[in-house]
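Chemist: Here's a sequence, model it:
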Amino acid sequence: MDNTNQKKALINSEIALFLRGLIIGKVLTLIVIGGLLWWLLKPNLLSRDSVNSSSNQSSNTLLSTASTFQTVADVPTASFNYGGSTAWASIRQLVDSQIQSARPELQLHYVDPVSGSPGSSSGIRMLLDGQLDFAQSSRPLTDEEQAMAKERGFSLEQRQVGMDGIAVVVNPSLNVSGLTVDQLQKIYLGQITNWNQVGGPNLPITPFSQQPKDADTVIFPSNSDLKKQALGSNVQYVYSTTEAVRQLSKTPGGVYYASARSVVPQCSVKALRLGQTSGQLISPYREPMVSPEQCPRQRNQLNTQAIKNRSYPIIANLSVIIKQNKGREQQIGDAYAKLLLTDQGQKAIERAGFVSVR
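Modeler: Prediction:
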């Protein structure tokens, strides 16, 4: 090998050694920098892990402390009678059965009135008379009922556990867009007697209603003078909502009001929009309305949002009526209300088609 080739080989060897050293140096530098960064960020990473762990623990705590039927204390071991609002039918079927399954020591028996139709009014009357241990109501207590309780040595408490609306239903063929609350009240007072007075056809109005003494729901506020007025002479009285719906399907000019949960899904009637003014009519069902032809494949659903935010004009509070007498009636009424107000109870009330209050 000549001198020129020896020099080239030497140079190439030196360059290779230089590059290898440079690469090794950079790798070592990156390792040092990475280790330094890890050391600096370690407290934050540990803190973040701690926060995540704490968050998970909090979530688990919330889940584990969610109230259930099992967590309610002082549930009496006995058999009790209760009754009242027909609007509560789905709660009795879906919720009360769950309560008794979870708390077998508690036995509940629904009792119909001996005379008159079942409803909030008859249930409260039976509670006052000692025939029930507690009552279910979809209307507020009246001053007269509170006064009667006081005369008998106790008081009545109404403890709200859910919400419903009061829907106005008519024959599906009736061409009326809606009513104001004032128009509805005047219809039942006999001051509006033809649908053409509220923008409908020239057709006599046939209002259906439960007897006031047995009424399940009310359209007149308890503090209103209208409540004391007699209903119109054209009002036809029915035993139950089932009977009213059946009559409406055969009466083109008929109208009825009841629990929205009970009548909105019905196929043979049409729910009307309702409002405080004619320009603010709100439907008790979720838009768009399901036509009778689509039912029962599809059914109208309760407008829970309008009820929850109280934009719907007539709200019915679902309340447990508790006899405050420091006895077994007060104990079971209080326990039953607490069961319905648990997380489990409120979810069950929603599944039954109502609006929860928690």
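Chemist: alpha carbons only for contacts and neighbour counts from here, please
Modeler: Noted.
Chemist: ok now the lengthiest strand in the chain, how far from the chain's centre?
Modeler: Ranked by residue count under DSSP state E, the longest strand found in the chain is strand 155-170. Averaging C-alpha positions (Cα atoms, centre = their mean, to the nearest Å) puts strand 155-170 11 Å from its chain's average.
Chemist: ok, now stretch 147-156?
Modeler: Its chain's average C-alpha position is 31 Å from that of stretch 147-156, according to Cα atoms, centre = their mean.
Chemist: in that stretch, what's buried?
Modeler: Burial within stretch 147-156, assessed by neighbour count using 16 or more other Cα atoms under 10 Å, is assigned to M148, A149, S155, L156.
Chemist: ok, so of those, who is nearest P76?
Modeler: Set against P76, the nearest of the buried residues of stretch 147-156 by Cα to Cα is L156 (19.8 Å).
Chemist: Not counting sequence-adjacent ones, nearest residue to that closest one?
Modeler: Among residues not flanking L156 along the chain, K323 sits closest, at 4.9 Å (Cα to Cα, 6 or more residues apart in numbering).
Chemist: I figured that neighbour was touching R159, is that so?
Modeler: No: the criterion here is Cα atoms under 8 Å, and K323 misses it with R159 at 11.0 Å.
Chemist: Could you check which of those two has the larger neighbour count?
Modeler: Neighbours were counted for K323 and for R159 using other Cα atoms under 10 Å; K323 has more, 28 against 19.
Chemist: Tell me the secondary structure at that one.
Modeler: strand (DSSP: H, G, I helix; E, B strand; the rest coil).
Chemist: Contacts only, for it.
Modeler: Residues in contact with K323 (Cα atoms under 8 Å, 6 or more residues apart in numbering) are L127, D133, F134, F154, S155, L156, E157, E329, Q330, G333.
Chemist: Quick one: residues contacting R103.
Modeler: When contacts are counted by Cα under 8 Å, 6+ apart, R103 touches F69, Q70.
Chemist: Next, it: phi, psi?
Modeler: When read as degrees, to the nearest 10, the backbone of R103 gives phi -130, psi 70.
Chemist: ok, it to S67 distance?
Modeler: As judged by Cα to Cα, to the nearest Å, R103 and S67 stand 14 Å apart.
Chemist: Next: Q93.
Modeler: Taking Cα to Cα, one finds Q93 at 21 Å from S67.
Chemist: Compare those two (neighbour count), which wins?
Modeler: For Q93 versus S67, neighbours defined as other Cα under 10 Å are more numerous around S67 (16 against 11).
Chemist: Is it correct that that one falls within a strand?
Modeler: No: counting by three-state DSSP, S67 is located in no strand; its state is coil.
Chemist: Surely it and K347 touch.
Modeler: No: in this structure, S67 is not within contact of K347 by Cα under 8 Å, at 11.1 Å.
Chemist: pretty sure Y312 contacts G165?
Modeler: Yes: between Y312 and G165 there is a contact at 7.4 Å, judged by Cα under 8 Å.
Chemist: And the two? Which one has more around it.
Modeler: Taking Y312 and G165 together and counting by other Cα under 10 Å, G165 has the greater number of neighbours (31 against 24).
Chemist: mind listing what that one touches?
Modeler: Here G165 is in contact with S259, A260, R261, P284, I307, Y312, I314, I315, A316 (Cα under 8 Å, 6+ apart).
Chemist: Among the residues you listed, which ones are in helices?
Modeler: A260, R261, I307 (DSSP state H).
Chemist: so the second one sits right up against N300, yeah?
Modeler: No: in this structure R261 lies outside contact range of N300 using Cα under 8 Å: 10.1 Å.
Chemist: helix, strand or coil for G116?
Modeler: coil.
Chemist: How about it: what's its closest non-neighbour residue?
Modeler: Using Cα to Cα, 6+ apart and skipping residues adjacent in sequence, the residue nearest G116 is D214, 6.6 Å away.
Chemist: neighbours of that neighbour, just the number please.
Modeler: The burial count assigned to D214 is 23, neighbours taken as other Cα under 10 Å.
Chemist: ok, it to R159 distance?
Modeler: 21 Å.
Chemist: Tell me which stretches of the stretch 101-250 of the chain form helices.
Modeler: Residue ranges of the helices in the stretch 101-250 of the chain, as given by DSSP state H, counting those that start in this stretch, are 120-128, 143-151, 181-188, 241-248.
Chemist: so which of these is the most packed in?
Modeler: Sort the helices of the stretch 101-250 of the chain by mean neighbour count, taking mean count of other Cα atoms under 10 Å, and helix 120-128 sits at the top with a mean of 26.
Chemist: Which strands or helices does that one pack on?
Modeler: strand 78-84, strand 134-137, helix 143-151 (3 or more Cα pairs under 8 Å, 6 or more residues apart in numbering; DSSP states H and E).
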